[in-house]
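> I'd like to go over a predicted model; first the sequence, then the structure.
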Amino acid sequence: MEEKEISPEQSLQIIEKMLADARNRFCNNGFALLFWGVWIILMVVGDYITSHYFQKYYSNYIWMISIVVGMLFTFLFYAFAAPKKRVFTRLDSINGKLWIAFGISFLLLMFLCYKYKADGPPFIYCMIGLCMFASGGIYKFWSLYAGAFVFWLGAIVWWYFPAEIERVILTVFIMFLGYLVPGYLLWRKAKKEANV
Amino acid sequence: MFRALDPLLHSELRLAVISLLVGATEAEFGEIKEKTGATAGNLSVQLQKLADAEYITIRKTFRGKYPLTICKITKKGVKAFEEYVEALKDYLKPKK
């Protein structure tokens, strides 16, 4: 590219191309999806084991501590580690706010589920589906849309598997397809474009 | 009557830089160079012109041992870009 006079049509083409390039340039390497996918699978399995081999009492603590630790770890990663690797784009910032809103809603929902003695996971899956779908729209990345449908489907299917072991398996399955697979595809795309 | 197009933006390379930064907010020198296909020397000159007009800021820092130049669009730059696009619409409207 040189410094030369251009026609209005050429101007428009340049603007369109560069804006499209900027849209495809994002910092998101799927870290959060991969981390939370693995973390929740460990929590579910850990919860199942403690509730069967130890006192049931520990179960709630595992969830509570693990979620807070996971949130803290995610925050520290995006606040301190990620910016050293790459500058955030406006899209990353919008996506970040979306998931912060999810985190707050999640904590409120947990409180409400506890108060009303409701089963939390189907509602959480609905919210995750919403955020995954919106993230898919922000980044124009199809696997995030697919992940959203996995969570929505999981929210419905949840009621058909009332046994505890069935729900453990279902959760692992949902996390694998809904978080880990899209997370891996994002990571692969980011690595390919050296955007990590 | 057509509005005049901002001469600072009405240039292939500077327009590409500003368009990229409008979408990305910030970008490293290496990435701008790669996306625009410009030479380092030419790009440096054009970035300085945009910085002189306060359309962008140029921050020089280090990543490990290596120097790193980060360009960021300013509010003035975003406004100039929006005005440029508005003016451009006049030129692109079909003639009656």
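Thanks, I have it.
> doesn't A:Lys97 make contact with A:Ala134?
No - counting by Cβ atoms under 8 Å, A:Lys97 is not a contact partner of A:Ala134; they are 10.5 Å apart. (Glycine included, C-beta is placed from N, CA and C.)
> neighbour count: those two, which is higher?
Set A:Ala134 next to A:Lys97 and count neighbours by other Cβ atoms under 10 Å in any protein chain shown: A:Ala134 wins out with 19 against 10.
> element containing the closest residue to the more buried one other than its chain neighbours, please.
Closest residue to A:Ala134 apart from its sequence neighbours, by Cβ to Cβ, 6 or more residues apart in numbering or on different chains: A:Leu98 at 5.6 Å. Secondary structure assignment for A:Leu98, by DSSP states H and E: helix A:90-116.
> tell me how far the residue nearest to A:Ala134 lies from A:Lys189.
As for A:Leu98, its distance to A:Lys189 is 19 Å (criterion: Cβ to Cβ, to the nearest Å).
> the more surrounded of the two?
The neighbour count for A:Leu98 versus A:Lys189, taken as other Cβ under 10 Å, is higher for A:Lys189 (19 against 15).
> secondary structure class for the more buried one?
helix (DSSP: H, G, I helix; E, B strand; the rest coil).
> cool, and B:Pro67?
B:Pro67 - assigned by three-state DSSP - is strand.
> could you give the number of residues near it?
9.
> what's the answer for A:Ala190, then?
Using other Cβ under 10 Å, A:Ala190 is surrounded by 18 other residues.
> and the contacts of stretch B:84-96?
A:8-9, A:11-12, A:15, B:2-6, B:9-10, B:15 (Cβ atoms under 8 Å, 6 or more residues apart in numbering or on different chains).
> what about B:Ala40, how many neighbours?
10.
> ditto for A:Trp39
So A:Trp39, with other Cβ under 10 Å, has 18 neighbours.
> with the one 5 residues further on instead?
By other Cβ under 10 Å, the residues close to A:Val44 number 22.
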